[in-house]
Structures are given as C-alpha cells and as structure tokens.
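**Q** Have a look at this prediction, sequence included:
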Amino acid sequence: MLEIIAQLCGGIGLFLIGMILMTDGLKEMAGETLRVWLTKFTGTPFKSVCSGIGLTLIVQSSTATTLATIGFVGAGILSFTQAIGVIIGANIGTTSTGWMVALLGVKFSIATFALPLIALGSLLKLLTQGRLALLGFVLAGFGLIFFGIDQLQIAMSGFAEQVDLSIFSYHSFGQKLFLVWIGLIVTVLLQSSSAAITATLAALASTAIDLQQALLLVIGQNIGTVATAVLAVIGGSVNAKRTAAVHVVFNVVSAIFAFFLLLPLFNWAYRHIQSIAAWDEVVIVAAFHTAFSVLGACIFIPLINQFNHLICKFLPQKKSGVLEILDESNLDIPSVAIIAAEKVVYQTLIQMFEILRRAFQDGVNVSPKELQQLDEVIEHLEAYLEKIVVPESQQDKQRLTSLLRIMVYIHVLRSDLEGVPYALAIRTQPQIYQVALDFLNILDHYATSLVFLEDSEMIENFKQEVANLKQWTDEHRATLREEVMQYATLNRLSAARSLKLLAAKRWLDRLIAHTKRLSKVLAER
C-alpha cells in the first residue's frame, strides 16, 4: 500500500512539474501575444470571453491569463469590465487540460513517447537559446505531464484493488455534498485543479471510482481552484483582489447551478440517450467540466456590467494608482511585469516634466512633499525591476534593457529637480528665460500625456527638437554668458546674485543635455 501511495504522489508531482515547465515555456513564447490579444480583442464582453479562452489554450494556464489580466488592468490597458470577460473565458479555456488527458492520457499509454519528449526537450534547453530553448521547456513539460498520468493510472489501478471506494455513496443529498467537499479539499491540498481533475480521470479510467463520484468530485475541484487565487492576492493590490473575487463568485455560482441543474441533466442523458451512453466515461467527465464553465459564462456574460459595479463597490480603490500598477503578482509573467513597470516609468517622466513646466511657466517651486512622493515611486520601481526575471524572449529582453536605460535618466532628471529653484532666477533674466521658454514650448507640445511616450513619431520629433535646442545653446554658450554678465552690470546685481544667474544657466544647459540623451534612449526603444 505504501508503494501505491508513493507512486500516486510521484505521479501527481510529475504532472505538476510538467504543467509548470510547459506553462512557463508557453508564457515566455506567448510574450507579446498576451498584450496584443488582451488590448485588441476585448472590445465587447463576448470578445473578452473569447480572448480569455484563446489565451488560456495558448499558455495552458488560467492562472497565467488571470495574472496577465490583473497586470493590464493595473496599467490601465484594460478596464475591469473587460477583465471580467477574460477571467470567465480563462475558466472555460482551462478545461482543455481535462480534454487533453481524456483523449490522450488515459485512452492509451504514451509513457514510451513521453520519455523521448523529455530527453528532446532537455537537449533543446541545454544546447539552444531563445525560442528553441523555450520550446525545449514545453516539450519536456508535455512529456512529464503524460509520464505523470501514466504513473497515476498504474497507482490508481493498484489502489482500486486494495481499497473499496464504494463506501463513498452518493444516494443522499448529504453524501453528494460530502463528495463535493472531498474534491474541494484535494484541490486545495494540490494547489492545482488540473492535477486534481487529472487524478479523478485516472481513478475513473482505473475503475477506482464510478462516473457519478467523478462528476461530484469535479464540482468540488472547480470550487477548490479558487483557493489558489485567494492565497495569491493576500496583501495584493485592489485589482488582484477584485480579480480573485470574480474568480470566487463565478466558480461558486457555477458550481451551485452545476450541482442542481447540470448534474441531473448529464445523468439523465447518460441513462436515456444511447449515443451519449456510448461515450467513454472519462470523455463525459471532460464534457461535464467544460459544460460547467460554459453554463457559468451564460449566466454571467449578460450581467457583466452589474457584476463590475458590485465588485468595485465592495472593493473600492484606496491607494495611489501609480503604486497599484506595480503589482507583485505580475512578476510571474515577465512580459506583463515589464509593461506595468513601463507604465509607471512613463507616468514618472510626465510628472517630472510637469514640475519643470510649472517652475518655468508659473514660477512655482516644487514642494518637499512632492519630491518625497516621487522618491517613493522611484524606490518602488527599482525594487520591482530587481524582482523581474530576465525573460527568454528576445523582444521582452530588449524592452527590459531599454527600460533600465530609461531608469538611469529618471535618476538624472530627479537630481536635476533639486535645481528647480534656479528656474525662478531664470525668469528674471530675459536671454536665459527665452531659452527656458523654448524648452518649455517643447515640453508643452509633446510631454504632457502618456500618449506621447507610446507614439514613435512624436518621440522622434521630440528628440529632433530637443537636439536642435541643445545645438543652439552650445553654439551660443559664450554669448549667453556674456549677456548674463552685462545684465548683472546694468542692473547692479550683487556678486552672489550674478553667480546664481550663471549657475542657473549651467543648470538649464545640463537639463537640456539630459533631456536630449533621454529622448535618444526613448527613440531607440
């Protein structure tokens, strides 16, 4: 018996490791696909649901789709209403694992093919880089999944011979609820509904349990999968908590309808419709699993807006939106974490340009509190970027490198903001102030919203205009310095005041030079 339990645990472990490897590889390979799909194909509730299904089929993980959705909601790329549709779709898409197991894993033994897949995947990972290395992860994970299923089947066959599971009857309402509860507990313990459902399918294929028990266990396993989401958002952002709330409500309500409506319907069809009775029982369970989520989608899609208002009412936004974007849960998907960090970096740049604009145009000095808040955001950004794992995807790697280069100039400009009081002195000297106004005109024309930082043509024009201004100031540096000295003489300024004006001119020159270098980095991005 101990040997059977060890083999059962080993089979589940192999399946889980395989799912992790395959999902991580597919997530990295998907990379930009996640962002493109979620930004282009979520215009209506139906499109949002289809996007959730499609992305989950691609990455083979509803958790990955959900985390990507949280990140994009936080970054303002998706609305929460769109996110609800994606999450509903992800719940449908994740049922593909059950179909994969039912149609391949328990229909015939593929352990013989699984081992070469593991070997091939390992070689690709060791000997190649980029997408081929990621493909190695996927192949090795795929092989481990089916090798784990094979071990589960063997263990379940031995388990069925030694343990009589008929004691878990389902004739009364209480007994049915007890089986649902067992399914929930198993999923919580395994922290994976896919692993729990796979174990159920393997037990059914090995006749350790019957069809009715399997269907009741699946209902519990669908409820149990929310435990992972709930645990993941403890201490998380409000967007993460809202997403988990959607997940919980959707699964629980769907489970109630499945228990009282879908389960009797499937039992009746299995007994009275000959064509359905001819199906393999594991296929019926896979179909029930999918129908479970589709039924929930049919209930919730017409009510998405009301659902959105209800969730937002119970979980209102409390914290600064900037720091909300840097959600720790996004770190599980580097491409999403990079997008979130980019959004905060861009907002920080716009805030810095706004401080300069107020100083030059209105003569308003920056307050210590505003600088402190800016420092907190930069500090959070640095800590967040340190946690992002360097992605395998070349495109994501380039985006991360570019972001780190921009961070250098975030620090440089932050240092320049210490000299903002010089802007007040510049306003008193006509020649220098004209240069400041030219710089201000460029900022007003381009650097007033995030749209500018996401438009390559605008960035290129911004770079060119700042470069022209830098060239002009370089050519007229001596002349401007002389005019400052003449102004000081004519207005009988003290030596200290004259030195302050010269220092202000040098500060403005540095500011323009730093902005020019930043614009070059932005354009290269």
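**A** Yes, it's here.
**Q** what sits up against stretch 338-352?
**A** The contact list for stretch 338-352, computed with CB atoms under 8 Å, 6 or more residues apart in numbering, reads 35, 71-72, 74-77, 322, 325-327, 330, 374, 377-378, 380-381, 384-385, 388, 391, 396, 399-400, 403, 406-407, 410, 413-414, 417, 447-450, 453-454, 518. No exception for glycine: its C-beta is placed from N, CA and C like everyone else's.
**Q** So what's the gap between it and the chain middle?
**A** 16 Å (CA atoms, centre = their mean, to the nearest Å).
**Q** So for it, what gets flagged as buried?
**A** 338-350, 352 (16 or more other CB atoms under 10 Å).
**Q** likewise stretch 277-287?
**A** Applying 16+ other CB under 10 Å to stretch 277-287 flags 281, 282, 283, 284, 285, 286, 287 as buried.
**Q** Now that stretch: average pLDDT?
**A** In this model, stretch 277-287 has a mean pLDDT of 86.
**Q** now what about that stretch, what contacts it?
**A** 95, 98-99, 101-103, 106-107, 197, 200-201, 204-205, 211, 214-215, 218, 266, 270-271, 276.
**Q** Extract the CA atoms of that stretch and return them as CSV.
**A** C-alpha atoms of stretch 277-287 as CSV (Å, rounded to 0.1, in the frame of the first residue of the first chain):
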residue,chain,number,x,y,z
ALA,A,277,-24.2,6.4,-23.2
ALA,A,278,-21.7,5.0,-25.8
TRP,A,279,-19.2,7.7,-24.9
ASP,A,280,-16.2,6.8,-22.8
GLU,A,281,-16.8,7.9,-19.2
VAL,A,282,-13.6,10.0,-19.0
VAL,A,283,-14.8,11.9,-22.0
ILE,A,284,-18.2,12.5,-20.3
VAL,A,285,-16.4,14.0,-17.3
ALA,A,286,-14.3,16.2,-19.6
ALA,A,287,-17.5,17.3,-21.3
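**Q** Which secondary structure elements does the longest helix seen in the chain sit against?
**A** The longest helix of the chain (DSSP state H) is helix 131-162. Packing partners of helix 131-162 (3 or more CB pairs under 8 Å, 6 or more residues apart in numbering; DSSP states H and E): helix 2-30, helix 111-127, helix 193-205.
**Q** now for the longest one, which elements pack on it?
**A** Right, helix 2-30. Looks like helix 2-30 contacts helix 45-59, helix 131-162, helix 193-205, helix 334-362 (3+ CB pairs under 8 Å, 6+ apart).
**Q** By average pLDDT, which secondary structure element in this protein comes out worst?
**A** Least confident helix or strand of the chain, by mean pLDDT, DSSP states H and E, is helix 32-40 with a mean of 66.
**Q** just to revisit the earlier point, after the longest helix of the chain, which helix or strand is next? Please name it.
**A** helix 173-190 (DSSP states H and E).
**Q** how about that following helix: buried residues?
**A** 176, 179, 180, 182, 183, 184, 186, 187, 188, 190.
**Q** Least confident of the residues you listed?
**A** residue 190 (73).
**Q** Quick check: the gap between that one and residue 148.
**A** 12 Å (CB to CB, to the nearest Å).
**Q** what sits in contact with each of these two?
**A** Between them, residue 190 and residue 148 share the contacting residues 12, 16, judged by CB under 8 Å, 6+ apart.
**Q** ok so, going back, can you redo the buried residues of stretch 338-352 as a markdown table with pLDDT and distance to residue 493?
**A** A markdown table is the format used below for the buried residues of stretch 338-352 (pLDDT from 0 to 100; distance: CB to CB, whole Å):
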| residue | pLDDT | distance to residue 493 |
| --- | --- | --- |
| 338 | 87 | 50 |
| 339 | 84 | 51 |
| 340 | 85 | 50 |
| 341 | 89 | 46 |
| 342 | 89 | 46 |
| 343 | 87 | 46 |
| 344 | 90 | 43 |
| 345 | 91 | 41 |
| 346 | 90 | 41 |
| 347 | 89 | 40 |
| 348 | 92 | 37 |
| 349 | 92 | 35 |
| 350 | 91 | 36 |
| 352 | 93 | 30 |
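**Q** Of the contacts of stretch 277-287, keep whichever come out buried.
**A** 95, 98, 101-102, 106, 197, 200-201, 204-205, 211, 214-215, 218, 266, 270.
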